[in-house]
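K.L.:
predicted model and sequence follow; I will ask about them next.
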Amino acid sequence: MTDQAPAPYAGPQRVLSGVQPSGDLHLGNYLGALAKFARLQHEIPTFIFVADLHAITVWQDPAKLKQQVREIAAAYLATGLDPKVAAIFAQSAVPEHAELAWVFNCVARLGWLDRMTQFKEKSGKHKERSSVGLYTYPVLQAADILVYKATHVPVGDDQKQHLELTRDIAQKFNNDFGAPGFFPLPEPLTQGPGARVMSLRDGQAKMSKSDPSDQSRINLTDDADAIASKVRKARTDPDPLPETVEGLEGRAEAKNLVAIYAALAGKTDAEVLAEFAGQGFGAFKPKLAELAVSVMAPIGSEMRRLLADPAEIDRVLADGARRAREIAVPVTAEVKRLVGYWAS
């Protein structure tokens, strides 16, 4: 990339994020993303999509995909996103995502994609058997962001490299087509406390919907009994809780449960330890279970209510796609003009 300082972007601020419709969402998704989306919508114009284009980079059952999209949309609504405030939509309902991605495929360089570590991790030893989409999906991510000229993107550590790629693509497009400041160089919104929730069965592994053990996570659809049971059975150690955060070093499971309590209660880890220092998990777990049930059980109940009325979810998604296209269509039209496409 050039060392020349990019021209500043002078357009409106917007935030963009999305979740793939594959597998059940869980406590980690809630604390790391969904709860933050609900807060952001009141601070900055917010576009939140269900990433069904990204989902098919690996095989998805076509008969299940549409229902999985509805489940993610229900999770958005149940965790506080207001469809009258934020645009909530399915990625595939806004064709400008894919249209802009093709332009960006011709702007991005192979060397940039070769450096993407997630492809290496996801493809493993048999990358030649992976879909081309799995290799190029970071370019589609750039299109997801820039088709709305989003200025801010909530990211975890595993997505920072992709956001850097988006910034590179935006800057190269602006330079190549003589359009300084046309696309913004989006900034990361670090997710802060609760962004990395670990497995209830292994404090060194991230809580994941792909973990074969359902006991490793609290699903958003779990009822109160399931939530309490999983907390009670969570792996711990025999020592009491320490007085300081430093005392949690080397105690992965204890550190994880304290962090979960803190995130659910809106406290710091230090504040939680000040309350429970010296107590064993026989005392701490019931309090954590009570707190987790109070926060998470209503979300599961609301999701089940929403999923019983798929027509209402579809209405929200359709309206969100309409609002999203109000932004995406003119941006894509201007890209076509800059690139030199023929237009009738």
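P.N.:
Nice, I can see it. Numbers count the residues shown, from 1 in each chain.
K.L.:
show me the contacts for K336.
P.N.:
Each residue near K336 by C-beta atoms under 8 Å, 6 or more residues apart in numbering is listed here: A343. C-beta here means a position set from N, CA and C on the backbone, and glycine is covered the same way.
K.L.:
list the buried ones in whatever helix or strand it lives in?
P.N.:
Taking DSSP states H and E as the criterion, K336 maps to helix 310-339. Applying a neighbour-count criterion of 16 or more other C-beta atoms under 10 Å, one finds 312-313, 316-317, 320-321, 323-325, 327-328, 331-332, 335, 338 buried in helix 310-339.
K.L.:
got it, and stretch 101-112?
P.N.:
Neighbour count says stretch 101-112 has A101, V103, F104, V107, A108, W112 buried, by 16+ other C-beta under 10 Å.
K.L.:
how many other residues sit next to T190?
P.N.:
Using other C-beta atoms under 10 Å, T190 has 11 other residues around it.
K.L.:
not counting sequence-adjacent ones, nearest residue to it?
P.N.:
Spatial nearest neighbour of T190, chain neighbours left out: V155 (7.2 Å); criterion: C-beta to C-beta, 6 or more residues apart in numbering.
K.L.:
what does H42 give?
P.N.:
V85 (6.9 Å).
K.L.:
I figured W112 hits E164, correct?
P.N.:
No: the pair W112 / E164 is not scored as a contact, 9.2 Å apart, by C-beta atoms under 8 Å.
K.L.:
pick the one among the buried residues of stretch 101-112 closest to V293.
P.N.:
A101 (42.2 Å; C-beta to C-beta).
K.L.:
give me the element that closest one is part of.
P.N.:
Secondary structure assignment for A101, by DSSP H and E: helix 96-107.
K.L.:
other SSEs contacting that helix?
P.N.:
In terms of contacts (3 or more C-beta pairs under 8 Å, 6 or more residues apart in numbering; DSSP states H and E), helix 96-107 is packed against helix 132-146, helix 160-176, helix 310-339.
K.L.:
so where do the helices sit in the stretch 101-250 of the chain?
P.N.:
Assigned by DSSP state H, counting those that start in this stretch, the helices in the stretch 101-250 of the chain fall at 110-114, 117-123, 132-146, 160-176, 224-233.
K.L.:
outside of the longest one, which residues touch it?
P.N.:
Put plainly, it is helix 160-176. Contacts of helix 160-176 (C-beta under 8 Å, 6+ apart): 1-2, 4, 6-7, 103-104, 107-108, 112-113, 115-118, 138-139, 141-142, 145-146, 153, 155, 179-186, 188.
K.L.:
I'd like to know which of these are buried.
P.N.:
Looks like the contacts of helix 160-176 have 6, 103-104, 107-108, 112-113, 116, 138-139, 141-142, 145-146, 153, 155, 182-186 buried, using 16+ other C-beta under 10 Å.
K.L.:
and stretch 160-169, which residues are buried?
P.N.:
Neighbour counts using 16+ other C-beta under 10 Å place H162, L163, L165, T166, R167, D168, I169 of stretch 160-169 among the buried residues.
K.L.:
work out the gap between that stretch and the centre of the chain.
P.N.:
On the basis of C-alpha atoms, centre = their mean, to the nearest Å, stretch 160-169 sits 16 Å off its chain's mean C-alpha point.
K.L.:
got it, and stretch 260-275?
P.N.:
With C-alpha atoms, centre = their mean, you get 23 Å for stretch 260-275.
K.L.:
now do it: distance from first to last residue.
P.N.:
15 Å (C-alpha to C-alpha, to the nearest Å).
K.L.:
repeat for stretch 259-271
P.N.:
Stretch 259-271: ends 11 Å apart by C-alpha to C-alpha.
K.L.:
avg pLDDT for stretch 83-103?
P.N.:
For stretch 83-103, the mean per-residue pLDDT is 98.
K.L.:
ditto for stretch 164-175
P.N.:
The model assigns stretch 164-175 a mean pLDDT of 96.
K.L.:
quick one: low-confidence parts of this structure?
P.N.:
1-6, 23, 120-125, 157-158, 191-195, 344 (pLDDT under 70).
K.L.:
re earlier: same list (the helices and strands packed on helix 96-107) but as CSV, adding distance to H26.
P.N.:
Formatted as CSV, these follow (distance: least, C-beta to C-beta, whole Å):
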stretch, distance to H26
helix 132-146, 22
helix 160-176, 22
helix 310-339, 20
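K.L.:
which of the ones you listed sits closest to L257?
P.N.:
Across the helices and strands packed on helix 96-107, L257 has its closest neighbour in helix 160-176 (26.9 Å, C-beta to C-beta).
K.L.:
separation between D319 and E96?
P.N.:
17 Å (C-beta to C-beta, to the nearest Å).
K.L.:
same check, this time on Q68
P.N.:
Computed as C-beta to C-beta, the Q68 to E96 distance reads 23 Å.
K.L.:
next: Q215.
P.N.:
Q215 is 42 Å from E96, by C-beta to C-beta.
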